[in-house]
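Novice: Task: produce atomic coordinates for the following.
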Amino acid sequence: MRQRSEVVARRSCRDAAVADRLGIDADTEFVYLERVRYADEEPLALDRTWLLATLARSLLDVDLTATGVYAELASRAGVRIAEGRERIYAVASTTEQRRRLGLGRGAALLAIDRIGRVDGDPVEWRETLVRGDRFSVVATWTSHTPYHMAVADGAPLESAQRGPAG
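Specialist: Numbering: from 1, shown residues only. You can find the predicted model right below:
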């Protein structure tokens, strides 16, 4: 799928709640980005990201239409967010979220909360709402292997297991 983003908000800010989630000083300055993310010209996700301003100030002037936040952080600031933790859970969509994602009433969303880290230190808080009809998480396990999770498209599990040959 061809991916692109539409930035709907971008600014420097302080946010005590985000700082608390990251376990850092409440007066920390962040670069805040809010984007609608698209896959094949169809809205896929609403994404809100707070990054430490000391690392991400260069993103305030970057065109993020056809590139990712992590790629731009790496190329412009030499910062690589290479580890983190995510929590994925289901949420009911609001009227505004459905409007922005082009969804009908009662549509489900998957929420992804992420803390990104650099060298073990928290540098990013991200909240993403993804269309439940276009995104899924698949887990596999056997008695001989550990539990493994992977991101998949919105296809039913049976289709994903059979593969392209059916």
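Novice: CA atoms for contacts and neighbours, from now on please.
Specialist: Will do.
Novice: is the most centrally placed residue in the chain in a bridge, and if so with what?
Specialist: For the chain, the residue lying nearest the average C-alpha position, counting by Cα atoms, centre = their mean, turns out to be T128 (4.4 Å). On the basis of DSSP bridges, T128 is bridged to D47, I112.
Novice: Can you show me the strands along this protein?
Specialist: In chain order, the chain shows strands spanning 3-14, 29-39, 42-52, 83-92, 108-118, 121-131, 136-142, 145-152, with DSSP state E as the criterion.
Novice: can you tell me which of those the model trusts least?
Specialist: Per-segment mean pLDDT for the strands of the chain reaches its minimum on strand 145-152, at a mean of 73.
Novice: For that strand, which outside residues touch it?
Specialist: With Cα atoms under 8 Å, 6 or more residues apart in numbering as the test, strand 145-152 has contacts from F135, S136, V137, V138, A139, T140, W141.
Novice: Among the residues you listed, which one lies nearest to D25?
Specialist: Checking those against D25 with Cα to Cα, the nearest one is V137 at 33.7 Å.
Novice: what's the burial count for that closest one?
Specialist: Applying other Cα atoms under 10 Å, we find 13 residues neighbouring V137.
Novice: where's it relative to R87, distance?
Specialist: Computed with Cα to Cα, to the nearest Å, the distance linking V137 and R87 is 12 Å.
Novice: now swap in P122 and tell me
Specialist: Between P122 and R87 the computed distance is 15 Å (Cα to Cα).
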